[in-house]
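mind folding the following:
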Amino acid sequence: MINYKERKQRFFEEFPSKGEIYAFLKANFSGNKRLKIKFDVEERELFINEFNDADNRLIVVTPEFYEPSTGNIIIIFGLVNKYFEVELQVVDNIGPGYFGCEVKSGRKATTGRADVRFKVNADDVIATNFRISKHTIDMSMFTIPTSIKVILDQFEVQNRALCDIFEVGLLNGSKDPVIDSMRRSGKTLFIEDFSRTESFVPMNDDFIDLKEIYATEFPRYIAKCKEKGFKSIITVPLMYLNDAEQSIPFAYITMISKERLLTFEDVIAMKEKTFKLIDRIRDANTVFIEAKQTICDISKGGARLKIENADLKMAMTKARGFVFDIVFRLQAPITVYGEIKFTAIDEDKNAVIGISFTGNSSRKDEMKRFFQIMQPMELEYKKRLLIQMKGRSAPGKS
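Sure, this is the predicted structure:
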């Protein structure tokens, strides 16, 4: 039995009734038109051989050695303007590959699928150079892995001599309104001189406006800072760029001077330090596996991979997604981010991973080049599919 786990759900609407599902199948899939069997690694198909209007039951014909999943359920799917899937309950095992079924439930996607997915072989395209995060920085749950906290602590110790107060902290859970604003906006705080009113005016939209944050409490906040002997302050967010190229502000670095005035050059220098720190975090948090793996099928929007490499299988167990290279024959690699939609284990203990493309590398025009390569392949596939459909509908064919 193949074990499937769906990670990412489509947006569906249920068919109103079983009768409507039956009528839908009869209208669109009479005449032995093929339907795909969901969660079948071999991608087998079936057709509906007989419709019984008296009790809305039907007889389906599958490949001879096909066996329904647990609970005697067969899930079929296809495209009729939009993606749909129907659960059939097997009520009669007529013979090898022949099943009497009744409709159990059905649903259809609320949006259409624009991309055609087709099979490819290893001579045409492979997947390689996988980069997978060991840990996920989940800002919704404020989860920061211990290994990353250690790197932040080391960075703080190494840079304490730069200023009177040098602090690295996490943005989550802070009651400081400045830190909370930074968590939401990703902006920087820079006060060059607490004794000069003009220093509290932000240089541009990339900087925090203290007057806006504190409102009527602003004079009191400044008075407290002066009581502590503060002359200048710089607080910059740490922006972690995840695999999907989303910037996540998760920590901050504060420099406070009691002796000298900090300058805009100090802001630039601190920004450069954050970039190096983020590179260090990413390097420590990323597994790189060069193995070449099979792409079973592909579309402009996603792909299905067969993962045989043991290290890759282990790394993907908890990953939300991963960066990897798609290499078409005679073409330079194209770097993409794949978000995992479903996982499965086939009969040979290989992992089958369904992914959607939700990002790409920073190299210019990567996805444009990908679409240009895919376009003729897609047209060729549609041509072959049309020929096959004409062959099936010809007299004497089934």
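
in the protein, mark out all the helices, start to finish.
For the chain, helices defined by DSSP state H occupy the ranges 18-29, 146-159, 177-185, 210-214, 218-227, 264-285, 310-316, 366-393.

what's in contact with the second one?
For helix 146-159, the external contacting residues (CB atoms under 8 Å, 6 or more residues apart in numbering) are 134-135, 137, 166-168, 170, 251, 273, 277, 280-281, 284-285. Yep, even glycine has a C-beta here, placed from its N, CA and C like the rest.

same check, this time on the shortest one
Helix 210-214 has contacts (CB under 8 Å, 6+ apart) with 177-178, 181, 189, 191, 200, 218, 220-222.

hmm, which of those are the buried ones?
Buried members of the contacts of helix 210-214, counted by 16 or more other CB atoms under 10 Å: 178, 181, 189, 191, 222.

of all pairs in those residues, which one is the farthest apart?
Within the buried ones among the contacts of helix 210-214, S181 and I222 form the most distant pair, 16.5 Å apart (CB to CB).

before we move on, back to that, out of the contacts of helix 210-214, who's nearest I233?
Proximity of these to I233 (CB to CB) peaks at I191, which lies at 4.9 Å.

can I assume the closest one is in contact with K226?
No - using CB atoms under 8 Å, I191 is not in contact with K226; the gap is 11.1 Å.

my read is that I222 contacts D193, right?
No - I222 is beyond contact range of D193, at 11.5 Å (criterion: CB under 8 Å).

residue contacts, the closest residue to A251 other than its chain neighbours?
Sequence neighbours aside, L238 is the residue nearest to A251 in space, at 4.0 Å (criterion: CB to CB, 6 or more residues apart in numbering). Listed by CB under 8 Å, 6+ apart, the contact partners of L238 are 249-253, 274, 277-278.

compare the residues you listed and tell me which is most surrounded.
Counting neighbours by other CB atoms under 10 Å, A251 leads those with 27 neighbours.

for that one, what are its contacts?
Here A251 is in contact with 144, 152, 168-171, 237-238 (criterion: CB under 8 Å, 6+ apart).

let's check: the centremost residue of the protein is which one?
Nearest residue to the geometric centre of the chain (CA atoms, centre = their mean): E339, 2.7 Å.

skipping adjacent residues, who's closest to it in space?
Spatial nearest neighbour of E339, chain neighbours left out: G321 (4.1 Å); criterion: CB to CB, 6+ apart.

might one say that that neighbour is in contact with G354?
No - in this structure G321 lies outside contact range of G354 using CB under 8 Å: 11.4 Å.

report the set of residues contacting both of the two.
With CB under 8 Å, 6+ apart, G321 and G354 have common neighbours I340.

tell me which of those two has more neighbours.
Here G321 and G354 are compared on neighbour count by other CB under 10 Å; more neighbours surround G321, at 26 against 21.

number of nearby residues for N93?
12.

do V80 as well
So V80, with other CB under 10 Å, has 12 neighbours.

where does this structure dip in pLDDT?
Applying pLDDT under 70 to the chain flags the ranges 1-11, 41, 110-116, 135-143, 173, 241-247, 359-365, 385-398.

distance from the chain centre to the top strand by length along it, please.
In the chain, assigned by DSSP state E, the strand with the most residues is strand 82-95. Strand 82-95 has its C-alpha centroid displaced from the chain centroid by 31 Å (CA atoms, centre = their mean, to the nearest Å).

that one: which residues count as buried?
Buried-residue list, strand 82-95, by 16+ other CB under 10 Å: 83-90.

closest to L330 out of the residues you listed?
Y83 (33.2 Å).

so the closest one makes contact with G106?
No - using CB under 8 Å, Y83 makes no contact with G106, being 11.8 Å away.

rewinding a little: farthest-separated two in the contacts of helix 146-159?
K134 and F166 (27.9 Å).

any idea how far the residue nearest to A251 is from I248?
9 Å (CB to CB, to the nearest Å).

and F342, by the same measure?
Applying CB to CB to F342 and I248 gives a distance of 25 Å.

same question for S356.
In terms of CB to CB, S356 sits 20 Å off from I248.

repeat for S199
Taking CB to CB, one finds S199 at 30 Å from I248.

likewise E64?
From E64 to I248 the distance is 52 Å (CB to CB).

so which of these two has more stuff around it?
Taking neighbours as other CB under 10 Å, E64 and I248 compare with I248 leading, 17 against 9.

the more buried one bridge partners, please.
Beta-bridge pairing for I248 (DSSP bridges): Y240.

so K134 and F166 - more neighbours on which side?
The residue with more neighbours, out of K134 and F166, is F166; 19 against 14, by other CB under 10 Å.

burial of the closest residue to the more buried one other than its chain neighbours, as a residue count?
Of all residues not flanking F166 in the chain, R160 sits nearest, at 4.8 Å (CB to CB, 6+ apart). Residues lying near R160 (other CB under 10 Å) number 13.

what about R160, distance to A54?
For R160, the distance to A54 - CB to CB - is 83 Å.

same deal with R117?
Relative to A54, R117 is positioned 38 Å away (CB to CB).

so which of those two has more stuff around it?
A count of neighbours by other CB under 10 Å puts R117 above the other of R117 and A54, at 17 against 5.

I'd assumed G354 was in contact with that one.
No - contact between R117 and G354 fails when scored by CB under 8 Å: they sit 10.1 Å apart.

identify the contacts common to these two.
Counting by CB under 8 Å, 6+ apart, the residues touching both R117 and G354 are 302-304.
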